[in-house]
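K.L.:
sequence and predicted model, in that order:
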Amino acid sequence: MEIFNDGLPKEVFQLITENEYEKPNEVAFCSVTDLLRTPKEFWLKRKYAEGLKVGASNFIESIYGTIWHLGFETMYNKKKFNTYEQETRMYFKILVDDIPYIIAGKPDLYNKEEKSLKDFKETSVWTIINGSRIDHWEKQLNIYAYCMNYGFWTDENIEIRNEELLETRQVDSLSILYKCRDWRKGENIRNEDYPSKVGEINIRMYLKSETEELIANLIREKVKYQYYNVDDIPECVMEERWQNPEQYAVMKKGGKRAVRVCATKGQAFGVMKQSNHPHSELYIQVRESEPTKCKDYCLYAEYCNWYKKWLAEKNNT
């Protein structure tokens, strides 16, 4: 992958390129991050990542996590804390259908005294309110915890892969440290249920068998499509595309907020009919269903046959 400057200040561009995610050793089947991708995205990346040219602005949000890491690292070094360990690349082996697979991971922050593992997330207020990414974060952290609890190699000894060189870190608890990029002070004052700008979410720990089953199933769903043409791999479902169904908002002329948001046009007409407002003051605003992840976050969308079809249909309407 080649990252080019698409209009960012040179200092920001340098920060992004200098902290580009380093690829794990090639002995790994994949990283934990890739393991959690859908089969479609996983194999799109395998096929197109090497020759991909990507604008640096695509990494603006992810670089905030890097800044968190650098800040903690500076604090720990300055204060000479030895309680914490962060961003150690780890490799663990797991047998799936009698075949050994090596998975690579890079957990964010491990507290040796508390035996806790934490992950940094730069996210949206609505993600915290709706809990829409909790399942994904839960799986990610539990795979990291499995790796640390039951044995891993590092970059220094992965080539040897001697069982006697396996290291462990006891992990007893998991949590997410989040920062909301779209947090609003006014909304926080008005709404007592509004999430804090920065906070921590406790994550459920799986049983060993539960995590092993999760990892095995994730590997199987990737291997299943290994020899498929990438266009023939099933498309990501709506939830995986971060796509909400089309909605119909009943709006009052001159107003900014919807009188009511409906799932169907028929429901919207019913709301207009029963409203106390004169019919001439109301109209229906169609809120289109759009695949947010495909549009704004998937680096391989331009090669995806489903997304290309969706884009063509959208442009023709």
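P.N.:
Good, I have the coordinates.
K.L.:
got the contact list for the host helix or strand of Gln140?
P.N.:
When elements are defined using DSSP states H and E, Gln140 is found to belong to helix 134-150. Contact partners of helix 134-150, identified using Cβ atoms under 8 Å, 6 or more residues apart in numbering, comprise 32-33, 35-36, 90, 92, 103, 105, 107, 110, 117, 119, 121, 168-171, 174, 176, 201, 203-206, 208, 210-212, 214-215. For the C-beta atoms, the positions are set from N, CA and C on the backbone; glycine is no exception.
K.L.:
now that helix: how far from the chain's centre is it?
P.N.:
Centre-to-centre, helix 134-150 and its host chain are 14 Å apart (Cα atoms, centre = their mean, to the nearest Å).
K.L.:
and stretch 261-281, by the same measure?
P.N.:
Chain-centre distance of stretch 261-281: 37 Å, with Cα atoms, centre = their mean.
K.L.:
okay, it in CSV with CA atoms only?
P.N.:
Only the C-alpha atoms of stretch 261-281 are listed here, as CSV (Å, rounded to 0.1, in the frame of the first residue of the first chain):
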residue,chain,number,x,y,z
VAL,A,261,-39.3,9.5,11.3
CYS,A,262,-41.1,6.6,9.7
ALA,A,263,-40.0,3.2,8.3
THR,A,264,-42.4,3.4,5.3
LYS,A,265,-43.8,6.2,3.1
GLY,A,266,-47.3,5.0,4.1
GLN,A,267,-46.6,5.5,7.7
ALA,A,268,-45.3,9.0,6.9
PHE,A,269,-48.5,9.9,5.0
GLY,A,270,-50.5,8.6,8.0
VAL,A,271,-48.6,10.9,10.4
MET,A,272,-49.2,13.9,8.1
LYS,A,273,-52.9,13.1,8.0
GLN,A,274,-53.2,12.9,11.8
SER,A,275,-51.0,15.9,12.5
ASN,A,276,-52.4,19.1,14.0
HIS,A,277,-50.2,21.1,11.5
PRO,A,278,-51.9,22.2,8.3
HIS,A,279,-51.1,19.7,5.5
SER,A,280,-49.6,22.4,3.4
GLU,A,281,-46.9,23.0,6.0
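K.L.:
farthest residue from the center of this structure?
P.N.:
No residue in the chain has its C-alpha farther from the mean C-alpha position than Pro278, which lies at 45.2 Å (Cα atoms, centre = their mean).
K.L.:
picking up where we left off before, which of the contacts of helix 134-150 are buried?
P.N.:
Among these, those buried by neighbour count (16 or more other Cβ atoms under 10 Å) are 32, 35-36, 90, 92, 103, 105, 107, 110, 117, 119, 121, 169, 171, 174, 176, 201, 203, 205-206, 211-212, 214-215.
K.L.:
and stretch 249-260, how far apart are its ends?
P.N.:
The distance separating the two terminal residues of stretch 249-260, taken as Cα to Cα, to the nearest Å, comes to 6 Å.
K.L.:
and the residue farthest from the centre of the chain, backbone torsions?
P.N.:
Listed backbone geometry of Pro278 is phi -60, psi 140, with angles given as degrees, to the nearest 10.
K.L.:
for Ile158, give me phi and psi.
P.N.:
The phi and psi torsions at Ile158 (degrees, to the nearest 10) take the values phi -70, psi -30.
K.L.:
show me what contacts it?
P.N.:
For Ile158, the set of contacting residues under the criterion of Cβ under 8 Å, 6+ apart consists of Asn25, Val27, Tyr91, Ile102.
K.L.:
what ranges does the protein have for its helices?
P.N.:
Applying DSSP state H to the chain gives helices spanning 10-18, 32-35, 39-48, 60-79, 125-130, 134-150, 185-190, 208-223, 265-274, 292-296, 305-316.
K.L.:
and those helices: which comes nearest Val259?
P.N.:
Using Cβ to Cβ as the measure, helix 265-274 is the one of the helices of the chain that comes nearest Val259, at 6.8 Å.
K.L.:
residues of the closest one that come out buried?
P.N.:
Buried residues in helix 265-274, counted by 16+ other Cβ under 10 Å: Ala268, Val271, Met272.
K.L.:
bridged to the residue nearest to the last one when sequence neighbours are not counted, which residues?
P.N.:
Distances taken as Cβ to Cβ, 6 or more residues apart in numbering place Leu282 nearest to Met272, at 5.0 Å, with adjacent residues excluded. According to DSSP bridges, the residues that bridge with Leu282 are Lys252.
K.L.:
how deep is Leu282 tucked in, by neighbour count?
P.N.:
A count of nearby residues for Leu282, using other Cβ atoms under 10 Å, gives 19.
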